[in-house]
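Peer 1: Kindly generate the corresponding structure for this input.
(2 chains)
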Amino acid sequence: MDATEIGLWGVPLAMLGGAIRVSTPFIFVSLGEAITERSGRINLGLEGTLVFGAMTAYAVAVMTGSPWLGLLAAAAAGLCFGLFHGWICKFRGVNDIAIGIALMLFGSGLAFFFGKPFIQPSAPDLPAIPFGGWSDVPQVQAALNVNVLFLIGAALAVFLWWAFRNTRAGLILRVVGDSSDAARAMGLNPNTVRLIATGIGGALAGIGGAYLSLYYPGSWTEGISSGQGLMAVALVIFARWNPLGCFAAALLFGGAGALGPALQSVGVTQGYYLFYAAPYILTLVIMIATSSPSRSLAGAPGELSITK
Amino acid sequence: MTERFMLSRRDLLKTSAAGAALGLASASFPISRAFAAAVTVGFVYVGPKDDYGYNQAHAEGAATLKAIEGISVVEEENVPETVDVQKSMESMINLDGASLIFPTSFGYFDPHMLAMCAKFPDVQFRHCGGMWNKDKHPMNAGSYFGYIGMGQYLNGVAAGHATKTKKIGFVAAKPIPQVLLNINSFLLGARSVDPAITCQVIFTGEWSLAVKEAEATNALVDQGADVITCHVDSPKVVVETAAGRGAFICGYHANQSPLAPEKYLTGAEWNWAKVYKMFVDDLVAGKPLPNFTRGGLADGFVKMSPLGPAVSEAARAQFDGTLAEMMKGGFSVIKGPLKNNKGDVVATEGQTFVEAAIELESMDYLVEGVVGSTA
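Peer 2: Sure thing, here's the model as predicted:
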């Protein structure tokens, strides 16, 4: 048996590697959505923002040769989308969910339109840090090639978790999300807070898109997202609006998503459609296991239109 | 989620303007009237037409028609396999005056193209990959396809020489006959070099799923596969991921060598230009178009990418030899004695299936040596 034969160890290794590789867009989009939803709004348009961010990052990276400029441009584009959503939703009678769906279609349509000339060229990738240097096994080294954005996402999750509880900004965000009346009594303008929260949420989703096109899978195609932005929005509810929960849920989704290909690669080939459904089955199981009639949707911001 | 790229409207305006100009020109120069009766050909693609894959191969074929005098081409991309494709075809016929339409994606055939055939009996429809049957389908419909499995066999020959681990990998979309034939051909080509080689296949379940294709490629490389090929709509992600992990690549659909020039061995490409020109020539000449068109390497329907720098001399010799044999016609990839990977006999001693054998178009097995399952 030579060094390249890892056999069944490939499955947990692929799940670990998959969790790290695939989860990053989920982390950024769900953290962004967590901020937005904590302020009392839902932005379903993040799927569109993710796709547009992916296109922008790739296009700018191709034109300037710098993936970091691409990342910055994606964040800026995401910020614009978020601010637009936040601005429209301040008007009376505007439904944030409907605007979100409109922005989702608009974002992907616009990305496809501007992205046409960038399907062919190759852009430089964002750098990864090799944490697997201690191992002689190339598969371990490959799995532990961790992109900087993943580390930033992990740090951001911890920071947000702390900041929601322990900072003035976090308190303002939660007050606005839980009760507009209380916020106004405190002299806060809920619309301004939500505008900023949705803007930051959009910027984070844009960064998630940049990861897709500039690192993994690392190219701009129109099918690059395949609904990851929508799933990330659902993850926020699954994670009960807790940033650490968002991070864990994103890892779980990434790892479970790697299960299907990994099992086929070690020869477990029957029923692969079932393995591909693993992330969703897992979500259902956890949702059912953690639900309770006495405390439904614990942690939900009171102003959120789906819980009102 | 589906988005339609509406540039075709603009194309439509352009073509109708060009058509009007042509009409004027013919009024003043009666001699050119034969050309002014311009033939408009419509193409419908399921994805973007520059995807480094399936749709690009068709679009490259369509592009060669544009150079022919008197032929105008209308195209629409990203058309889903739903009633949307009917609307696209209808607008090509009613607004652009298309008299020949190529709906290029598998799922366009039934019921969408057939509905259009009934509605517009004067318009010709030719579908890529569909199984036209003269007992069941109208005469203004038809289907064309190429024997690209031969190309995957040649890919396998190059892969068989390049692999050191004796393990090659295949990222496949769905277990339909054409994909299974490609997988089997790839392995049998490699086994013509070394019978100990095995091929690991991973099905992603969809024609275009970038993240899953990347995961599948990583999983194959993790398990020691050092030459990777694929059958998905856009091989770009597979090619870039595999090359990034240091594996060799055999391409598919179109030439992907610019994506990984050092690691690209060769590739099985479509040559639709030849097929489309044939149809259009018949149409212009007023001849009836064939309803059932098939062809392989020898007919120029399929071609191979130029061999890459990593291909050894021995590999080159065997590749060229096999290719020459195929060009003579009558080459069989599937020939007895051959078992499937469950141990059942699929071809007995002396039994051969040439490329045109109709049995191959309903293939439902993976041959011995392929690690994978069709369900």
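
Peer 1: switch to C-alpha atoms for all contacts and neighbour counts from now on
Peer 2: OK.

Peer 1: got the phi/psi numbers for B:Cys199?
Peer 2: Note on B:Cys199: its backbone torsions stand at phi -120, psi 120 [degrees, to the nearest 10].

Peer 1: quick one, what contacts it?
Peer 2: If you count contacts by Cα atoms under 8 Å, 6 or more residues apart in numbering or on different chains, B:Cys199 has them with B:167-170, B:187, B:369-371.

Peer 1: could the residues you listed go into TSV alongside neighbour count and distance to B:Pro309?
Peer 2: Converted to TSV, the contacts of B:Cys199 look like this (neighbours: other Cα atoms under 10 Å in any protein chain shown; distance: Cα to Cα, whole Å):
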residue	neighbour count	distance to B:Pro309
B:Lys167	25	21
B:Ile168	32	19
B:Gly169	32	21
B:Phe170	28	22
B:Leu187	31	22
B:Gly369	20	28
B:Val370	24	27
B:Val371	21	29
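
Peer 1: Just the C-alphas of stretch B:230-244, formatted as CSV.
Peer 2: What follows is stretch B:230-244, C-alpha atoms only, in CSV (Å, rounded to 0.1, in the frame of the first residue of the first chain):
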residue,chain,number,x,y,z
CYS,B,230,-15.9,14.0,-17.5
HIS,B,231,-19.3,14.1,-19.2
VAL,B,232,-21.0,17.2,-17.8
ASP,B,233,-22.3,20.2,-19.7
SER,B,234,-19.4,22.5,-18.8
PRO,B,235,-16.1,20.6,-18.1
LYS,B,236,-14.4,23.9,-17.0
VAL,B,237,-14.7,23.3,-13.3
VAL,B,238,-13.5,19.6,-13.5
VAL,B,239,-10.6,20.5,-15.7
GLU,B,240,-9.4,23.4,-13.5
THR,B,241,-9.9,21.4,-10.2
ALA,B,242,-8.1,18.3,-11.5
ALA,B,243,-5.2,20.3,-12.9
GLY,B,244,-5.0,22.2,-9.6
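
Peer 1: Buried residues, it. List them.
Peer 2: Buried positions in stretch B:230-244, judged by neighbour count with 16 or more other Cα atoms under 10 Å in any protein chain shown: B:230-243.

Peer 1: Show me the strands in the stretch 51-200 of chain A, by range?
Peer 2: Remark: strands of the stretch 51-200 of chain A, listed N- to C-terminal, are A:128-130, A:145-147; assignment by DSSP state E, counting those that start in this stretch.

Peer 1: Among those strands, which comes closest to chain B?
Peer 2: Comparison of these against chain B by Cα to the nearest Cα identifies strand A:145-147 as nearest, at 11.4 Å.

Peer 1: Check which helices and strands that closest one is in contact with.
Peer 2: Using 3 or more Cα pairs under 8 Å, 6 or more residues apart in numbering or on different chains; DSSP states H and E as the contact criterion, the elements in contact with strand A:145-147 are helix A:10-38, strand A:128-130.

Peer 1: what comes up buried for the first one?
Peer 2: Applying a neighbour-count criterion of 16+ other Cα under 10 Å, the buried positions in helix A:10-38 are A:10-11, A:13-38.

Peer 1: Within reach of chain B, which of these are there?
Peer 2: Residues shared between the buried residues of helix A:10-38 and the neighbourhood of chain B are A:10, A:14, A:18, A:22 [Cα under 8 Å from any Cα of the partner chain].

Peer 1: The last one and B:Val211 touch, don't they?
Peer 2: Yes - checked against Cα atoms under 8 Å, the pair A:Val22 and B:Val211 is within contact range at 7.5 Å.

Peer 1: Find the residues that touch each one of these two.
Peer 2: Listed as contacting both A:Val22 and B:Val211 by Cα under 8 Å, 6+ apart are A:Tyr216.

Peer 1: how far away is B:Ile348 from B:Asn340?
Peer 2: Ile isn't right for residue B:348; it's Thr. Computed with Cα to Cα, to the nearest Å, the distance linking B:Thr348 and B:Asn340 is 12 Å.

Peer 1: The two: who's more crowded?
Peer 2: Looking at B:Thr348 and B:Asn340 with other Cα atoms under 10 Å in any protein chain shown, you find the greater number of neighbours at B:Asn340, namely 17 against 12.

Peer 1: Identify the bridge partners of that one.
Peer 2: When bridges are taken as DSSP bridges, the partners of B:Asn340 come out as B:Val367.

Peer 1: Could you tell me which residues make contact with the spatially closest residue to B:Ala260 that is not a sequence neighbour?
Peer 2: Excluding the flanking residues, the one nearest B:Ala260 by Cα to Cα, 6 or more residues apart in numbering or on different chains is B:Ala243, at 6.3 Å. By Cα under 8 Å, 6+ apart, the residues touching B:Ala243 are B:249, B:260, B:263.

Peer 1: What's the per-residue pLDDT of B:Lys174 here?
Peer 2: According to the prediction, B:Lys174 has pLDDT 89.

Peer 1: what do you get for B:Glu3?
Peer 2: We note a pLDDT of 46 for B:Glu3 in this prediction.

Peer 1: How about B:Val232?
Peer 2: B:Val232 is assigned a pLDDT of 93 by the prediction.

Peer 1: quick one: A:Leu149 from B:His253, how far?
Peer 2: Taking Cα to Cα as the measure, A:Leu149 falls 34 Å from B:His253.

Peer 1: who has more neighbours, those two?
Peer 2: The residue with more neighbours, out of A:Leu149 and B:His253 and counting by other Cα under 10 Å, is B:His253; that gives 27 against 21.

Peer 1: Look up phi and psi at that one.
Peer 2: Dihedral angles phi and psi of B:His253 (degrees, to the nearest 10) take the values phi 70, psi -60.

Peer 1: who's in contact with it?
Peer 2: Shown in contact with B:His253 (Cα under 8 Å, 6+ apart): B:52-54, B:57, B:267-270.

Peer 1: In the chain, where is pLDDT below threshold?
Peer 2: The chain I'm using is chain A. Low-confidence regions of chain A, defined by pLDDT under 70, span residues A:1-7, A:292-298, A:306-308.

Peer 1: nope, chain B please
Peer 2: Judged by pLDDT under 70, chain B has its weakly predicted residues at B:1-37.

Peer 1: Flag every residue of it that's near chain A.
Peer 2: For chain B, the residues in contact with chain A (Cα under 8 Å from any Cα) are B:3-5, B:48, B:50-52, B:200-205, B:208-212, B:214-216, B:219-220, B:222-224, B:236-237, B:241, B:245, B:259, B:371-375.
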